[in-house]
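Undergrad: could you work out the structure for the sequence below:
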Amino acid sequence: MTWPFALPFAGLLLSIALGPLLFAKFWHHHYGKIAAAWALMTLAALSWQAGPGAAFASFVHALLAEYLSFILLLFALYTVAGGVLVTGDIRGTPATNTSILALGTIIASVVGTTGAAMILVRPLIRANLTRPHNVHVLIFFIILAANVGGALSPLGDPPLFVGFLRGVDFFWTTRNIWLQTAIVAGLLLVVFAAVDVWRYRAEKPASVDGPTEPLRVRGLVNILLIAAIVANTLISATWKPGISFDVVGTHLELQNLVRDAVLVVIAGLSLWLTPDEHREANGFTWEPIREVAKLFAAIFTAIVPVIAMLNAGHGGSFGWLLTAVTTPSGAPREVAYFWFTGLMSAFLDNAPTYLLFFELAGGDPKVLMGELSGTLAAISMGAVYMGALTYIGNAPNFMVAAIANEQGIRMPSFFGYMLRAAAILIPLFVLLTVLPIHPLLDPH
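TA: Numbering: from 1, shown residues only. Okay, here's the model as predicted:
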C-alpha cells in the first residue's frame with residue numbers, strides 16, 4: 001500500500017478537528033454519518049486493493065478484536081462512574097481544584113484514566129461553573145487525570161494493558177517510570193496552581209450566602225463495581241483456558257469474550273442498583289459515550305491501512321520510521337522512540353501505536369524489560385504522556401470535553417486544545433528528554 005490509502009484516515013481526523021469549528025450545528029447532528037462515510041471509503045479502497053473478502057476480514061478484525069473490548073471497557077467505566085454522586089458545596093478555588101486534579105492523577109493508575117475522569121469531572125465542572133475563566137481547569141484535568149496519571153499500571157491506560165497482555169510484568173512501569181511520572185505530574189500541578197491562582201485573583205468570586213452543604217459521596221455501590229471491573233480485567237489477563245473462536249479469520253479468545261460480557265453485566269448492575277436521581281443530579285446523559293463510540297468505530301476502521309503500512313517495515317511506505325528509531329548498528333534510538341511513539345499516539349490512538357513500536361523494538365518482553373529497558377520506558381511514557389496532546393489521543397480526552405461542553409463550559413476546538421496542550425506539555429517533554437534519569441532516555 002502507498003500513502004493515498006491513508007487519506008480517509010486523514011480526512012476523518014480533519015473532520016473531527018474542523019467540523020465543530022466550521023459547521024458546528026451540522027456536525028452535531030451528522031457526525032456519525034460523516035465518520036461512517038470515511039470508514040466506508042477506507043473499506044472501498046481496501047476492497048479495490050485486496051478484494052472484498054480481505055477488506056471484510058480486516059473490518060471484522062478491527063471491530064471484534066480491537067474496538068469491541070475498547071468501547072465496552074469505556075462504556076462500563078462511564079456507566080458505573082456516572083452513578084457516583086459527589087454532593088456538597090465545592091467552590092472552585094485554586095486549592096480545591098489542585099486537590100481534585102491531584103486526586104485524579106493518583107487514582108488513575110488504579111481505576112483507569114476513564115474511571116478517574118468520569119468520577120471527578122462532574123464535581124470539578126460544578127465547582128467551577130460560575131467562574132468566568134474555567135477552561136484551563138478542564139484542560140489540565142484531561143492532561144493529568146485522563147493521561148499522565150495512568151502511567152503506573154496496566155489498569156491505568158490501554159497501551160500499558162496491551163503491554164501487559166504481551167508479557168510485560170504488571171508492576172514494571174510502577175518500578176521503572178514512577179520517578180519520571182512524579183516529575184511530570186508534580187510540575188504540571190505546580191504550573192496549574194500558578195495559572196489558577198493568577199486567574200482566580202483576576203476574578204470576582206461569587207459570594208456564598210446561607211449555610212453550606214457538607215461534602216458527601218453517594219452511590220457507593222458503584223465504587224465496588226469499579227473494583228469489580230478492575231478484578232475482571234486482571235482475571236482475563238491471567239486466565240488462559242486456551243479456547244478461541246474463529247470469526248472470518250479473527251481469533252476471539254474465550255477469556256476476552258467472558259471479560260466483555262462481564263463488563264456489560266457490571267454496567268447493567270450499576271443502572272439497576274443506582275437510584276435514577278443520582279445520575280440526574282450528575283447531569284448524566286448517553287451522548288458523550290455515544291459520540292465516542294461512533295467516532296472511534298470509524299477511527300479503528302480507517303486506521304487499518306495506516307497500521308498495515310507501518311507493519312510493512314523498511315519495505316513499506318513508512319520504512320523511514322524504522323530507520324529513524326534505529327542506529328546504523330541496529331541499536332534503538334530511545335529519544336526517537338519516545339517522540340515518535342508520543343506524537344503518533346496523539347493522532348493514531350495510543351494503544352495501537354504502543355503495540356506498533358513495541359513490535360518495532362523486537363516484541364520480546366524479557367529483552368525489553370532487561371537490556372532494552374530504556375526503550376520500553378520511552379515507548380510507555382511516549383504513549384501515555386503524549387496521548388494528552390489531542391482530544392483523540394486517548395478516549396477519555398474526548399469524553400471529558402464532550403461532558404464539559406454539555407454542562408456549559410465552552411471547550412476549545414480540536415486545534416485550540418492541541419495548541420494549549422502542546423504549549424503546556426512540550427517543554428516538559430523536552431526536559432524529560434535531557435534529564436539524566438535511568439531508565440529514561442539515552443541522549444545518544
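Undergrad: pLDDT value on Ala206, please?
TA: The predicted local distance difference test score for Ala206 is 59.
Undergrad: which stretches of this structure have low pLDDT?
TA: Residue ranges of the chain with pLDDT under 70: 205-212, 436-444.
Undergrad: now with 50, please.
TA: Low-confidence segments of the chain, defined by pLDDT under 50, are located at 439-444.
Undergrad: which residue is nearest the middle of it?
TA: When the chain is reduced to its mean C-alpha position, the nearest residue by CA atoms, centre = their mean turns out to be Asn394, at 2.2 Å.
Undergrad: and the closest residue to that residue other than its chain neighbours, what is it in contact with?
TA: The shortest distance from Asn394 to any residue other than its chain neighbours is 3.8 Å, reached at Gly387 (CB to CB, 6 or more residues apart in numbering). For every residue, glycine as well, the C-beta is placed using N, CA and C. Contacts for Gly387 (CB atoms under 8 Å, 6 or more residues apart in numbering) come out as Asn147, Asp157, Pro159, Ser345, Ala346, Asn350, Gly393, Asn394, Asn397.
Undergrad: tally of neighbours for the first one?
TA: Applying other CB atoms under 10 Å, we find 31 residues neighbouring Asn147.
Undergrad: how about it, nearest residue that isn't a chain neighbour?
TA: The spatial neighbour of Asn147 that comes closest, neighbours along the chain excluded (CB to CB, 6+ apart), is Ala388 at 3.8 Å.
Undergrad: check contacts around the one you found.
TA: Contacts of Ala388 (CB under 8 Å, 6+ apart): Ile142, Ile143, Ala146, Asn147, Val148, Ala346, Asn394, Asn397, Ala421, Leu425.
Undergrad: for the residue nearest to the centre of the chain, what are phi and psi?
TA: phi -150, psi 130 (degrees, to the nearest 10).
Undergrad: now do the closest residue to Thr93 other than its chain neighbours against Leu189, distance only.
TA: When the adjacent residues along the chain are set aside, Thr93 lies closest to Tyr200, with 6.7 Å between them (CB to CB, 6+ apart). Between Tyr200 and Leu189 the computed distance is 16 Å (CB to CB, to the nearest Å).
Undergrad: could you do Leu295 as well?
TA: In this structure, Leu295 and Leu189 are 30 Å apart, going by CB to CB.
Undergrad: okay, these two: which has more neighbours?
TA: More neighbours sit around Leu295 than around the other of Leu295 and Leu189, counting by other CB under 10 Å; the figures are 21 against 17.
Undergrad: still on that earlier bit, nearest to Ala102 among the contacts of Gly387?
TA: Minimum distance to Ala102 across the contacts of Gly387 is 14.6 Å, recorded for Asn147 (CB to CB).
Undergrad: wait, doesn't the closest one sit right on Val384?
TA: Yes. Between Asn147 and Val384 there is a contact under CB atoms under 8 Å: 6.3 Å.
Undergrad: for the helix or strand where Val430 lies, buried residues please.
TA: Assignment of secondary structure by DSSP states H and E places Val430 within helix 414-434. Taking 16 or more other CB atoms under 10 Å as the basis for neighbour counts, the residues of helix 414-434 that come out buried are Phe414, Tyr417, Met418, Arg420, Ala421, Ala422, Ile424, Leu425, Leu428, Phe429, Leu432.
Undergrad: show me where the stretch 301-444 of the chain has helices.
TA: Under the criterion DSSP state H, counting those that start in this stretch, helices of the stretch 301-444 of the chain are mapped to 304-311, 319-324, 334-348, 350-360, 365-369, 373-385, 395-406, 414-434.
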